[in-house]
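Student: Take this sequence and fold it.
(one chain, ligands or ions: 1)
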Amino acid sequence: MMRTHDCGAIRSSDLGKRVTVAGWIRFSRDHGGVLFFDLADCHGTTQLVFDPEAMHDDADVEGLAEVLSAFGRESVIEATGIVRDRVPGTEDPRNPTGKIEVLIETARLLNSSKQIPFEVAEQKNSLLPGEDLRLKYRYLDLRRSQMISNLRFRHRFISCARRFLDENGYLEVETPLLTKSTPEGARDFLVPSRTFPGHFYALPQSPQLFKQLLMIGGVDRYYQIARCFRDEDSRADRQPEFTQLDIEMSFVEERDVQAAVEGILFDVWKCMFDTELKIPFPRVSFKDAMSKYGTDAPDVRFGLELVNVTDIVKDASYEVFKKIVGKGGVVICLNLKAHLLSSSLSEASAVGRKEVDRLIEWAKAQGIGGLTWMRVTEEGLSSNIVKYFSAEVRSRLMRAMDTELGDLLLFLGGSETQTRRAAGALRVKLARDIGLIDGKEHQFVWVVDCPMFKKDPVTGHLEPFHHPFVRPVKGDFDEDEDMSAVGGVSYDLCLDGAEIGSGSIRNHDPVVQRKVFNLLGMSDEEVENKFSFFLEALGYGAPPHGGIALGLDRLVSILLGCDSIRDVIAFPKNKRFQSLLDGSPSRIEDSKLSELQLLSLAEDEEDDGGSESG
Ligand code: ASP
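Tutor: Below is the predicted model:
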């Protein structure tokens, strides 16, 4: 071993010991010939000191000074010395090694560092350079204590989950990465085959088909920390490759899978935070989630539920609402209760025009027209539009919204889908603005009874709501029975307003599975071509089975309060799905393409794949 201690290990109990440490020079300073170095590694920081006065008479002080003079920022060094107390008043109470320092006796440079492109030492996030630069030099970014602690947290989360699964009879099985397509609603990343020119493997969008095949193979309980690949248009905070905790179980119903997930998370909480997670998690139907929260991934840490008041306001003479209702739209109302209003919005009775105007501006910026409001005063509802609402309509409104003095009612109107979504976003914005969300509180919720299919708004074709392998609620169908309107036995797990898991009970009946494929517009020939192997397998006594996958990147990043999932992935792609570190995607030489019998039609471009730098 090159070192006796890592940089976070030495304590006052080591006083007087001769130690050897190694790491990176994060800072150095010269106090009148006495040199101080902050030596860092992923475990912590130890202060080294070169103090000529304190050295033995026979020590080669000059020789050592010369060695130390080559210790630039982020150079990697090894030093041996004696542990001593820091001078009183210079201790650093925030640092576990902050009481001691190591008086250097010998040292050597293990490797020098070029000038670093950005500060690695601990600092405020706001002082960090642009993310592209951090990603280009990710290995330097990883030296930051925040990044190391993110990776460590992620590792602990996975190892706790893994331990639970191992102890509960789950078998960890690796499924192939070079596969046929596994549809999850995205494009496949394709890998050309050299041996079969013109043929391609697809990288798995998920291990879905293979985990189901494992159940047919009698594996019974499976899990995998699975890498998945989806070629989507780059959307906010997505990655083209990501990691799921993928699970599949035989002879189970919906509740069994949910209980298994609750068990895993309960155990992870116990092991990581020493707290008891409240299980079972609350459940909300997809329909209720959409109507109360305006989203299928609700944040249920606070109320502020949406209320559809279309049936009430349609009886008012307010033209704006009348028009909306006339076109088949909806009017959604939110009650900002007086007692919820913090000082940020001042006293309830004085939720000023200014704040309301600000909300209206916000709504406009989101593309949401027509945000209107009414205030509850001693005299009843008041605003510039109440004159269009009869006393009867007003009192129905007040009853529906359960109003009290000082409440503020906010109304949004328009087409149903858009208005619900907008009202959902407004709900979250208000909760954030008013401080209703405690960043340390987390709340899981199951969203159940999701539809099986959704309609493509342009083509009108049916698409799977999740993926095509979900079992319809009604288990069996006649050959010609219509199942397009049925629900699927599926469940999503949401955490603090983000979907972090999705699962279902599967079709184990090949007839139903074929029907689903056909409903999705696949001809028999296409089904044969893409899924005959799978339908064949279902025909050999496939057991009833179901499972789920939890998105680990997202889950961990929410728990850590990160702005982006990229902060919990060691080597993520940037927002354009480029790896700025290794320059991928990159062009392939013609000779390699011709080996694969491929031809590139792409023109030479300035902005070549991954060649962009920060
Ligand atoms: N394969 C699904 C997904 O990746 C998860 C599941 O249904 O188990 O979202």
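Student: wait, does stretch 494-513 contact the ligand?
Tutor: Yes. If you take C-beta under 6 Å from any ligand atom as the test, stretch 494-513 does meet the ligand, through 502-504. Every residue, glycine included, has its C-beta placed from N, CA and C.
Student: May I see the residues you listed organised as TSV, with secondary structure and pLDDT added?
Tutor: Formatted as TSV, these follow (DSSP: H, G, I helix; E, B strand; the rest coil; pLDDT from 0 to 100):
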residue	secondary structure	pLDDT
502	strand	97
503	strand	98
504	strand	98
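Student: Let's have those in JSON lines, adding neighbour count.
Tutor: Below are the residues of stretch 494-513 next to the ligand laid out as JSON lines (neighbours: other C-beta atoms under 10 Å):
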{"residue": "502", "neighbour count": "23"}
{"residue": "503", "neighbour count": "27"}
{"residue": "504", "neighbour count": "24"}
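Student: Kindly indicate which of these lies nearest residue 566.
Tutor: Lowest distance from residue 566 to the residues of stretch 494-513 next to the ligand (C-beta to C-beta) belongs to residue 502, with 21.4 Å.
Student: which non-adjacent residue is nearest the closest one?
Tutor: Closest residue to residue 502 in three dimensions, ignoring its sequence neighbours and counting by C-beta to C-beta, 6 or more residues apart in numbering: residue 492, at 4.9 Å.
Student: Provide the contact partners of the helix or strand hosting that neighbour at residue level.
Tutor: If you go by DSSP states H and E, residue 492 is part of strand 490-495. If you take C-beta atoms under 8 Å, 6 or more residues apart in numbering as the criterion, strand 490-495 is touched by 254, 257-258, 261, 281, 296-299, 442-448, 450, 452, 465-466, 470, 499-505, 548, 550, 555, 558.
Student: now stretch 390-399
Tutor: Stretch 390-399 is contacted from outside by 309, 312-313, 315-317, 333, 374, 376, 380-381, 386, 389, 403, 409, using C-beta under 8 Å, 6+ apart.
Student: Could you rerun that using 7 Å?
Tutor: With contact meaning C-beta atoms under 7 Å, 6 or more residues apart in numbering, stretch 390-399 is reached by 309, 312, 315-316, 380-381, 386.
Student: ok, back up a step: burial count for the residue nearest to residue 502?
Tutor: Applying other C-beta atoms under 10 Å, we find 22 other residues in the vicinity of residue 492.
Student: Can you give me the distance of it to residue 470?
Tutor: 12 Å (C-beta to C-beta, to the nearest Å).
Student: now swap in residue 376 and tell me
Tutor: From residue 376 across to residue 470, the span is 45 Å (C-beta to C-beta).
Student: now swap in residue 306 and tell me
Tutor: Residue 306 sits 27 Å away from residue 470, taking C-beta to C-beta as the criterion.
Student: what's the answer for residue 441, then?
Tutor: 32 Å.
Student: Tell me which of these two has more neighbours.
Tutor: The neighbour comparison of residue 441 against residue 470 (other C-beta under 10 Å) goes to residue 470, with 25 against 9.
Student: Now do the contacts for the more buried one.
Tutor: Going by C-beta under 7 Å, 6+ apart, residue 470 touches 452, 488-490, 504, 506.
Student: Could you give me the buried positions within stretch 324-344?
Tutor: Neighbour counts over stretch 324-344 (16 or more other C-beta atoms under 10 Å) mark 324-325, 329-338, 340-341 as buried.
Student: follow-up on the earlier one: roughly how far does the residue nearest to residue 502 sit from the ligand?
Tutor: Distance, residue 492 to the ligand, using C-beta to the nearest ligand atom, to the nearest Å: 9 Å.
Student: List the beta-bridge partners for that residue.
Tutor: Taking DSSP bridges, one obtains residue 447, residue 502 as the residues bridged to residue 492.
Student: can you pull the contacts of the closest residue to residue 437 other than its chain neighbours?
Tutor: Spatially, and ignoring its direct neighbours in sequence, residue 437 is nearest to residue 431 (5.3 Å; C-beta to C-beta, 6+ apart). Listed by C-beta under 7 Å, 6+ apart, the contact set of residue 431 reads 302, 304, 437.
Student: The last one: what secondary structure?
Tutor: Secondary structure assignment for residue 437 (DSSP: H, G, I helix; E, B strand; the rest coil): coil.
Student: cool, and the second one?
Tutor: Under three-state DSSP, residue 304 falls in the coil class.
Student: tell me the contacts of the closest residue to it other than its chain neighbours?
Tutor: Closest residue in space to residue 304, ignoring its immediate chain neighbours: residue 427 at 4.9 Å, by C-beta to C-beta, 6+ apart. Shown in contact with residue 427 (C-beta under 7 Å, 6+ apart): 293-294, 304, 306, 334.
Student: my guess is residue 224 is in a strand, correct?
Tutor: Yes. Counting by three-state DSSP, residue 224 is part of a strand.
Student: Tell me the bridge partners for it.
Tutor: residue 246.
Student: Residue 230 versus that one, what's the distance?
Tutor: Relative to residue 230, residue 224 is positioned 17 Å away (C-beta to C-beta).
Student: Tell me which helix or strand whichever residue of the stretch 1-150 of the chain sits closest to the ligand sits in.
Tutor: Using C-beta to the nearest ligand atom, the single residue of the stretch 1-150 of the chain nearest to the ligand is residue 150, 23.4 Å away. Of the helices and strands defined by DSSP H and E, residue 150 is found in helix 145-167.
Student: which parts of that helix are buried?
Tutor: 145-147, 150-151, 153-154, 157-158, 160-162, 164-165.
Student: what does that helix contact?
Tutor: 42, 122, 141-142, 223, 225, 245, 264, 267-268, 271-272, 552, 556, 560, 562, 567-568, 570.
Student: Which of the three states applies to the residue lying closest to residue 293 once chain neighbours are set aside?
Tutor: Nearest non-adjacent residue to residue 293, counting by C-beta to C-beta, 6+ apart: residue 424, 5.5 Å away. Here residue 424 is recorded as helix under three-state DSSP.
Student: sorry, back to before: report the secondary structure element holding the residue nearest to residue 304.
Tutor: Assigned by DSSP H and E, residue 427 belongs to helix 416-434.
Student: average pLDDT for that helix?
Tutor: Mean pLDDT, helix 416-434: 91.
Student: Dump that helix to PDB, restricted to CA.
Tutor: In PDB, the C-alpha atoms belonging to helix 416-434 read as follows (Å, rounded to 0.1, in the frame of the first residue of the first chain):
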ATOM      1  CA  GLU A 416     -59.800  19.900 -21.200                       C
ATOM      2  CA  THR A 417     -56.400  18.400 -21.700                       C
ATOM      3  CA  GLN A 418     -54.600  21.700 -21.900                       C
ATOM      4  CA  THR A 419     -56.400  23.300 -19.000                       C
ATOM      5  CA  ARG A 420     -56.000  20.300 -16.700                       C
ATOM      6  CA  ARG A 421     -52.300  20.300 -17.500                       C
ATOM      7  CA  ALA A 422     -52.000  24.100 -17.000                       C
ATOM      8  CA  ALA A 423     -53.900  24.000 -13.700                       C
ATOM      9  CA  GLY A 424     -51.700  21.100 -12.500                       C
ATOM     10  CA  ALA A 425     -48.600  23.300 -13.300                       C
ATOM     11  CA  LEU A 426     -50.200  26.300 -11.600                       C
ATOM     12  CA  ARG A 427     -50.900  24.100  -8.500                       C
ATOM     13  CA  VAL A 428     -47.200  23.100  -8.200                       C
ATOM     14  CA  LYS A 429     -46.000  26.700  -8.800                       C
ATOM     15  CA  LEU A 430     -48.300  28.000  -6.100                       C
ATOM     16  CA  ALA A 431     -47.200  25.300  -3.700                       C
ATOM     17  CA  ARG A 432     -43.500  26.200  -4.400                       C
ATOM     18  CA  ASP A 433     -44.100  30.000  -4.200                       C
ATOM     19  CA  ILE A 434     -46.000  29.800  -0.900                       C
END
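Student: Many thanks, I have nothing further to ask.
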